[in-house]
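Asks: sequence and predicted structure, then a few things I'm wondering about:
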2 protein chains.
Amino acid sequence: MTNLYVALIHHPVINKKGMVIGSAVTNMDLHDIARAGRTFGVRGYYVVTPYEDQAVLAGQIMDHWTRGAGGEVNPSRKEALERVRVVKTFEEACQGIEEERNQPVVKVATSARGYENSVSCARLKEELNGNASHVLVFGTAWGLAEELIDQCDYILDPIKGAGSYNHLSVRSAASIYLDRLING
Amino acid sequence: MTNLYVALIHHPVINKKGMVIGSAVTNMDLHDIARAGRTFGVRGYYVVTPYEDQAVLAGQIMDHWTRGAGGEVNPSRKEALERVRVVKTFEEACQGIEEERNQPVVKVATSARGYENSVSCARLKEELNGNASHVLVFGTAWGLAEELIDQCDYILDPIKGAGSYNHLSVRSAASIYLDRLING
């Protein structure tokens, strides 16, 4: 297992117009990122939503796979979803990580937008060889709000492709970043 | 743009027990792989299903985003989905690719299972510098059936993570392979 955690933020994120909003939890985000996280040795996957009804929905999905019929039919899905934690705020996610390993957590934002002070996956990969906990933070909707990025210690270079198009799903982006950080 | 195409197979694939089955088209597979394909300069994304009702469903989803209201609300989604083609068989996909560029297409299977004769992404990446068309083939459900893998020229090394767990979603796997082949 690595010293890496993942957090998926549903608030504060931005919409197409750049306004700060809260987004809905989607089933596929839970599954795909949990499976990628389990594949790449992520210690915990925090799903962050301040909305009670959304937290209940996420809890029901997880229950089905970790304690209900889903886990019996598909044990590998159970293994992946067992590392999911649903919390209300990013602060609560960081607190959970810090309590688990009794040390501060280094917060790493991701964004499809370019930032002058962003760091490369290669540099972060080196740092991950140490013992410090790191949390990789992903935004739903049109990405993390600035107020959340400002709380982070680093921001990772955006994933670039063959041109200027940069509209990967958060599921694709999380999978690619994890592959680069563990295998790259 | 690259010389790379993607095909997503819904038949013949296997189920958990290794039996050959046909799977259902899912909305998220269309979107996520189209968006990753567009990001990494894929020329065309073939969705392969022999089932008429599934082809109709896929067509309706695409219409909404390429000709309907979806494309107006989200033009970047339109750009991604415009490169999707729905066909009945893998042969038909290959024929389409061959006609488009008037040359044979090199067929590259992917699998989470290990094969002795699999090739690395680094080796395929070198080959992609040439002019030949290549199609990267992904299986839904529990992966491509052997009868389809047997039709391919290469099989790519499986994506390995931090341990033996290898249950990435096909959306995650496609995203990671494309990143490795274009950026790796």
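Replies: Structure's in. What do you need?
Asks: can you pull the residues of chain A lying near chain B?
Replies: A:1-2, A:16, A:28, A:31-32, A:35-36, A:38-41, A:74, A:76-77, A:79-80, A:159-163, A:165-169, A:171-173, A:175-176, A:178-180, A:182-184 (Cβ under 8 Å from any Cβ of the partner chain). C-betas here are computed from N, CA, C, even on glycine.
Asks: same thing but 6 Å
Replies: Applying Cβ under 6 Å from any Cβ of the partner chain, one finds that chain A approaches chain B through A:2, A:28, A:32, A:35-36, A:38-41, A:76, A:161-162, A:165, A:167-169, A:171-172, A:175-176, A:179, A:182.
Asks: buried ones among the residues you listed?
Replies: A:2, A:28, A:32, A:35-36, A:38-41, A:161-162, A:165, A:167-169, A:171-172, A:175-176, A:179, A:182 (16 or more other Cβ atoms under 10 Å in any protein chain shown).
Asks: now do the strands in chain A.
Replies: Applying DSSP state E to chain A gives strands spanning A:4-9, A:13-14, A:20-21, A:44-48, A:84-87, A:105-109, A:133-139, A:154-155.
Asks: from the ones you listed, which stretch is densest packed?
Replies: Of all the strands of chain A, strand A:4-9 has the most neighbours on average by mean count of other Cβ atoms under 10 Å in any protein chain shown, namely a mean of 26.
Asks: that one to strand A:44-48, inter-axis angle?
Replies: Interaxial angle, strand A:4-9 versus strand A:44-48 (axes from the mean of the first three to the mean of the last three Cα atoms, to 10 degrees): 10 degrees.
Asks: how about A:A109, nearest residue that isn't a chain neighbour?
Replies: Sequence neighbours aside, A:C152 is the residue nearest to A:A109 in space, at 4.0 Å (criterion: Cβ to Cβ, 6 or more residues apart in numbering or on different chains).
Asks: pretty sure that neighbour contacts A:V105?
Replies: No: with contacts defined as Cβ atoms under 6 Å, A:C152 does not count as touching A:V105, sitting 10.5 Å away.
Asks: against which helices or strands is the longest helix along chain A packed?
Replies: The residue-count maximum for a helix in chain A (DSSP state H) belongs to helix A:52-66. Counting contacts by 3 or more Cβ pairs under 6 Å, 6 or more residues apart in numbering or on different chains; DSSP states H and E, helix A:52-66 packs against helix A:75-81, strand A:84-87.
Asks: try it again at 10 Å.
Replies: Contact here means 3 or more Cβ pairs under 10 Å, 6 or more residues apart in numbering or on different chains; DSSP states H and E; on that basis helix A:52-66 packs against helix A:27-39, strand A:44-48, helix A:69-73, helix A:75-81, strand A:84-87.
Asks: give the buried residues for that helix.
Replies: Across helix A:52-66, burial judged by 16+ other Cβ under 10 Å covers A:Q54, A:A55, A:L57, A:A58, A:I61, A:M62, A:W65, A:T66.
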